[in-house]
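**Student:** My questions concern the predicted model and sequence given below.
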Amino acid sequence: MATSFRLLASRCLTTASSASKATLTARSLTSARHLSILTTTNGSFQPQSNRPIASRFGVDTAKATNTVRVTRSLSTEFSATHDKIVAPPMVYISGEEMTHYATQLIVEQWVKPYFDISSWETYDLSCKSRDETEDKVLSDAVEAGKRVGAIFKEPTITPSAIQVQEMGLKKAWGSPNGAMRKGWNGVTISRDTIHIDGIELGYKNQVLFERHAVGGEYGAGWNQVGEGTLLTTYIPADGGAPFVVDKRDLTDKNNVCVVYHNPYDNVRELAHIFYKRCLEHQVTPYIVTKKTVFKWQEGFWETMKKVFDDTYKDEFLKAGLLDRSGGDLQHLISDAATMQLIRWTDGGFGMAAHNYDGDMLTDQIAQVHRSPGFITSNLVGVSDDGTTLIKEFEASHGTVTDLWNDHLAGKETSLNPLGLVEALLGAMCHAAKLEADAKPNDKKAQDMKGFVDNYAKVLREALHNTFRYGQGTRDMCGPTGFTTEDFIAKVAWRLDRYLVQQEQEKDAPPQLTEEDLEVPKNKMEAYDQKAILKLFEKYDKSGEDGCGTDKEVDAERGIADYYMFNFALMGQDCKKGNKN
């Protein structure tokens with residue numbers, strides 16, 4: 001009898017699951033008919049064309065000609081039955097050109113249907129905005145980032161002398177990154193490879209990189225000089241006696257003198273961030289310098305090694321992560337590191353380096369891994385009191401000027417937004433974490449974090465599956481790949497479909513184990529055995545403890561199985577003495 005109950009329960013669950021999937025498919029296809037391709041004109045969203053895109057989603061275009069076109073927030077099945085979640089505070093730094101256009105479409109179609117983003121603080125760091133505000137907008141953005149702690153940044157332009165003339169700017173405004181790294185007490189720039197299950201890119205497994213966020217050539221002072229003497233003098237802040245760091249005679253008539261330094265106070269913090277991430281992702285750590293020639297880099301290696309030996313070595317040994325490096329933390333000369341990045345295509349390693357070396361080596365990683373679009377770029381800083389991590393997330397590539405020019409010329413474009421999306425999700429998840437950590441006893445804050453984390457997981461799945469199904473952008477799928485607008489619309493449809501499916505499955509019957517299905521012998525007396533046998537005799541035509549395969553019985557199967565399951569397990573209608 002217990003076996004029969006288990007079979008019946010299984011049939012019930014299968015029937016319910018099939019019905020759920022059928023309903024989902026029909027509703028999802030209906031939702032697809034309401035997708036709209038959008039373009040940006042002076043900050044407002046307008047339909048790009050009147051052509052139906054339902055055909056791209058497997059929907060009969062003949063039935064989709066009366067499509068309702070949406071010019072603001074997309075109407076989705078999930079959002080139609082759920083209130084929007086109030087997104088936690090976050091700083092949104094907008095840029096320009098193609099990446100700005102694509103990111104606005106993403107926010108409109110992937111974020112706004114599910115989130116109220118009124119708490120986001122937006123700062124326009126386009127060249128025009130920086131010029132008009134005399135760069136006050138940059139200082140405002142830095143202050144906001146310091147206060148909020150979670151920042152998303154679109155790619156921006158650092159104008160060249162030619163662009164200054166073309167844009168009519170007052171001056172060549174410098175890169176905003178230096179001000180951000182300084183203002184947010186930058187420690188490291190984390191750059192990791194992005195992977196899509198089932199699609200082979202450059203590295204088979206993840207590669208992590210920590211690039212020292214401050215110092216080096218990027219903050220250098222320089223001047224062009226002639227013959228003479230260059231004297232670099234250090235003046236101690238404590239009033240000690242000044243001394244000469246370097247003195248050299250310049251004999252050429254044309255020289256460029258460059259002075260920079262590397263602040264090492266935060267290298268210990270960088271080391272902790274690096275080793276914790278390597279353990280989290282189960283990769284082998286390496287430290288990269290050119291200390292054989294640049295003797296002043298020895299201090300970087302010594303600090304990284306000491307933190308490793310004092311705090312992390314035992315954990316790495318226990319995890320077996322030092323097997324490939326001889327059982328200890330290894331140092332790589334930067335020249336050797338460039339070769340290993342080409343050879344170690346199995347991945348599974350992490351590297352940490354100075355600012356400039358990190359910049360160059362991560363560009364190489366991006367090329368090995370197919371594209372800068374498949375690598376992240378996250379600045380990690382710390383609050384002034386040292387208690388909270390400030391994180392800024394951006395794509396590792398630029399504004400993609402060539403595609404923007406094509407877009408302005410009315411040509412089709414196909415931008416892969418993977419790096420942009422990873423940055424946006426990273427910022428949203430960090431913002432949610434900060435909010436939840438600040439309010440540990442606030443159920444609303446904890447629920448919000450759970451929703452954001454789940455949303456990020458589902459969006460990644462929708463995005464990756466779109467690539468896996470051969471519906472990606474043209475850098476992945478060739479000339480038949482989707483355009484920028486169609487790809488974003490396709491992922492929007494799939495995202496909503498997955499969220500709806502997840503919601504429906506949440507209310508599905510539980511998957512009961514055998515122990516749960518079997519009725520204890522001491523409780524069998526509570527059931528009317530004859531009533532149960534009559535049900536079996538009525539529906540079990542084949543004698544295989546099921547409802548048979550007759551068409552008439554199949555039509556009743558869902559109801560019959562449901563009631564037989566409840567009669568047998570819950571005893572609502574088969575208990576002795578119950579005549580209803």
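**Tutor:** Sure, I can see it.

**Student:** Torsion angles phi and psi at Ser118?
**Tutor:** phi -70, psi -20 (degrees, to the nearest 10).

**Student:** out of everything not next to it in sequence, what's closest to it?
**Tutor:** Spatially, and ignoring its direct neighbours in sequence, Ser118 is nearest to Val86 (7.7 Å; C-beta to C-beta, 6 or more residues apart in numbering). The C-beta positions use only the backbone N, C-alpha and C, and glycine is treated the same way.

**Student:** how near is that neighbour to Glu503?
**Tutor:** 19 Å (C-beta to C-beta, to the nearest Å).

**Student:** ok, the residue nearest to Ser118 - contacts?
**Tutor:** 115-116, 118-119, 448 (C-beta atoms under 8 Å, 6 or more residues apart in numbering).

**Student:** Return the members of these classed as buried.
**Tutor:** 115, 448 (16 or more other C-beta atoms under 10 Å).

**Student:** Can you list which of the contacts of Val86 are found in helices?
**Tutor:** Met448 (DSSP state H).

**Student:** for the contacts of Val86, which one is nearest Ala179?
**Tutor:** Taking C-beta to C-beta as the measure, Ala179 sits nearest to Ser119 out of the contacts of Val86, at 24.0 Å.

**Student:** leaving aside the residues next to it on the chain, what's closest to the closest one?
**Tutor:** For Ser119, the spatially nearest residue (C-beta to C-beta, 6+ apart) is Pro89, at 4.7 Å.

**Student:** Please verify my assumption that that neighbour contacts Phe152.
**Tutor:** No - the criterion here is C-beta atoms under 8 Å, and Pro89 misses it with Phe152 at 12.0 Å.

**Student:** So which of these two has more stuff around it?
**Tutor:** Looking at Pro89 and Phe152 with other C-beta atoms under 10 Å, you find the greater number of neighbours at Phe152, namely 26 against 16.

**Student:** What distance do you get for Asp124 to Thr133?
**Tutor:** The separation that Asp124 has from Thr133, given C-beta to C-beta, amounts to 9 Å.

**Student:** More neighbours: the two, which one.
**Tutor:** Per other C-beta under 10 Å, whichever of Asp124 and Thr133 has more neighbours is Asp124, with 19 against 15.

**Student:** these two touch, right, the more buried one and His100?
**Tutor:** No - Asp124 is not in contact with His100 according to C-beta under 8 Å; the separation is 9.6 Å.

**Student:** what do these two both touch?
**Tutor:** Joint contacts of Asp124 and His100 (C-beta under 8 Å, 6+ apart) are Ser94.

**Student:** In space, what's closest to Asp384 - neighbours in sequence excluded?
**Tutor:** Closest to Asp384 by C-beta to C-beta, 6+ apart is Asn185, at 7.0 Å.

**Student:** give the contact list for that neighbour.
**Tutor:** Contacts of Asn185 (C-beta under 8 Å, 6+ apart): 266, 381-384, 390.

**Student:** which among those residues gets closest to Lys295?
**Tutor:** For those, the nearest to Lys295 is Asn266 (21.1 Å; C-beta to C-beta).

**Student:** what's the nearest residue to the closest one if we skip its chain neighbours?
**Tutor:** Val187 (4.8 Å).

**Student:** before we move on, what about Leu329?
**Tutor:** Phe308 (4.7 Å).

**Student:** Good, wrapping up.
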